[in-house]
Structures are given as C-alpha cells and as structure tokens.
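J.: next comes the sequence, and after it the predicted model I'd like to discuss.
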Amino acid sequence: MSLSRIAKAKIKTKAATLQPRKIEKIIDVSRLERKLEEIMSRDHKEFTVEEKLKALYVLQEIDSNIDKIRTIRGELPMEVADLEDELAGLTTRAEHIQEEVNSLNDQVNRKKQAAKDAKELIKKYEAQQSKVKNNREFDSLNKEIEYQNLEIQLSEKRVKEFAVDVVAKAALHEQTIAILNEKQAILNLKKAELDSIVEETQKEEEQLRKISEKARTIVDERLLAGYNRLRNNTRSGLAVVSIQRDACGGCFNKIPPQRQLDIRQHKKVIVCEHCGRILVDPRISGDDVVAE
Ligand SMILES: [Zn+2]
C-alpha cells in the first residue's frame, strides 16, 4: 500500500462531539410546588374539579420533565458503550498492524543475514579456488560462487521490498494510534459528562417525584387512572393538554366554540373527541397567557 493511499484513508472524527452537552434547567420546581400548596391550603372538604385539573396539569408538567430527563440520561450510556466498542476494535487493529511490522522486520533481518552468509561462502570458495588441483574443481567452485552471488542479489531485492512495506505499515500503525487517542479523549469526556448528568438529574428527578406525590393527593383516583392510561397510550406522554388556537393541544383538531366555553369553566372533566386527551384552558397553568 502506498503512503498516499494511507493518507487518503484517514478516518475523520467529528470535532463537534468534543463539545460537552449542556442540560438546560428544564423546569421551575418551586413554582409548581407553590401552586400545589396554594390548592392544599384552601379550607374545604373536597377539591373542586378545577383544583383537580390544576393539580393534574402540574402532574403533567412534572411527568413530561421526568420523561425529558430520562431521555437525556438514556442516550449517553449508549454513546459511551459504542465508543468503548470502537476503541476495543481500534486497539486490536493497532496490535495486528504492529505484529505485521515486527514480522516484516524479522524477514528483513533474515534476508540481510542470508546475504552476509552468502558473502562468507564466496570468500571461502575463492580461498579454495587458489588451492585446487584441476579445472573441474575450479569450475565447480565458480558455479557455487555464481549461485551465492544470485542469492545475494535476491536477498538484497527482498530487503528493499520489505523495507517499503515496513514504512507503509508503520505509518498505518501511527495513524491508527492517533485515531485511538482521539477517540479515547472523546470517551473520557463522555464518561465525565455522563457522571455529572446522572448526578444532576437524579437530584432533579427526586425533587420532581416529591411534588408529583403532592399533586396525586389532590387529583382523585379515577382521574389519575385515566391520566395514566392516556400517558401510556401516547408516544409524547401528553395526557393533559390545553386549548391552543381553538384546537386540541394534543391532536390539533378544532374544538367547537360551545365546547371551548365548557372547557374554560373547568366545572367538569372534558376530553378531546378525537384523541381522548383531557382538555384544559391555558390559564389553568397559572402563568400569564397572552390572549390570542
Ligand atoms: Zn385531541
């Protein structure tokens, strides 16, 4: 293999993967907690439908964020495992190339030794020629010398060929090691990133779980069962959605005006006719909603 071909075969690594991932603060936990405490502090025997829906909406926000945290946390271990596999493959490859280099070097040495031995023999035959008694013996030694000269030529030719191979293989080895080091650096970074993300998100998830428990005490069992069923049936995990531009925030089908009015009053639980999701007015979030 020529050196230029080796250079062309160089594997490009993505520099972008070296950037550590940042996890944005996903949710304002204390804001949700305040909302629930406000509902719970009210002095009455049973929570109203509106209060239950409000708590359910909080629960949806919490669960959506736990989903998000798990997605972030779920991708990194796979990336780390993939990189570890890749590194193991590269290490084996580098070892094989090194073995080939060693074997070629052995062959070079053997051929050099063969040439040396042939030269010694020639010297010996030439010394013998000075002592021969007849032409037949002289010619016979001449043939031996000729033969050894061919041996030298052949060995020297092989030494040159092997030397070219050694240079190419050594370059390939060097290049493989360079890629290996680069990948190792990425792996180290990913591992550190994974550790910090796991630590950070576990704390956040724990906090969210605590508030989730509070929200569950406000929402009644029947509503909670419906909510859980809806969450399990949708890929997005959205069970409670608000009206957005006169449509369901989950499936985007239009909601008739009268139904929108009913939803806004929060006197009873209303589900979308198309996707079955629980519908609420955007104002239930308690955030300032810009009127459309
Ligand atoms: Zn819908």
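T.: That came through fine.

J.: which residues in this protein form helices?
T.: 3-8, 29-41, 49-129, 135-218, 221-233, 257-265 (DSSP state H).

J.: what about the last one, distance to the chain center?
T.: In terms of CA atoms, centre = their mean, to the nearest Å, the gap separating the centre of helix 257-265 from the centre of its chain is 47 Å.

J.: who wins for proximity to the ion among the helices of the chain?
T.: Across those, the ion has its closest neighbour in helix 221-233 (10.5 Å, CB to the ion). For glycine as for every other residue, the C-beta is placed from the backbone atoms N, C-alpha and C.

J.: tell me the pLDDT at the residue lying closest to residue 132 once chain neighbours are set aside?
T.: Distances taken as CB to CB, 6 or more residues apart in numbering put residue 138 closest to residue 132, at 4.8 Å, once the chain neighbours are dropped. pLDDT for residue 138: 93.

J.: and the closest residue to residue 275 other than its chain neighbours, how far is that from residue 280?
T.: Nearest residue to residue 275, sequence neighbours excluded (CB to CB, 6+ apart): residue 251, at 3.8 Å. Distance of residue 251 to residue 280, computed by CB to CB, to the nearest Å: 15 Å.

J.: residue 72 now?
T.: Distance, residue 72 to residue 280, by CB to CB: 27 Å.

J.: neighbour count: those two, which is higher?
T.: The neighbour count for residue 72 versus residue 280, taken as other CB atoms under 10 Å, is higher for residue 280 (24 against 17).

J.: my read is that the more buried one contacts residue 58, right?
T.: No - look at residue 280 against residue 58 with CB atoms under 8 Å: they stay out of range, at 11.1 Å.

J.: return the residues of the stretch 151-292 of the chain in contact with the ion.
T.: Taking CB under 5 Å from the ion as the measure of proximity, the stretch 151-292 of the chain contacts the ion at 248, 250-251, 272, 274-275.

J.: looking at these, spot the one nearest residue 44.
T.: Closest approach to residue 44 among those (CB to CB): residue 272, at 29.3 Å.

J.: and the pLDDT for the closest residue to residue 98 other than its chain neighbours?
T.: Nearest non-adjacent residue to residue 98, counting by CB to CB, 6+ apart: residue 173, 5.8 Å away. pLDDT recorded at residue 173 is 95.

J.: for residue 173, give me its contacts.
T.: Contact analysis of residue 173 by CB atoms under 8 Å, 6 or more residues apart in numbering lists 94, 97-98, 101.

J.: same question, residue 30
T.: Residue 30 touches nothing, counting by CB under 8 Å, 6+ apart.

J.: and it, how far from residue 72?
T.: Residue 30 is 21 Å from residue 72, by CB to CB.

J.: circling back to that earlier point, neighbours of the residue nearest to residue 132, how many?
T.: By the criterion of other CB under 10 Å, residue 138 has 13 neighbours.

J.: can you pull the phi and psi angles for residue 132?
T.: With angles defined as degrees, to the nearest 10, residue 132 sits at phi -70, psi 160.

J.: go through stretch 212-231 and flag the buried ones.
T.: 212, 214-216, 218-220, 223-224, 226-227, 230-231 (16 or more other CB atoms under 10 Å).
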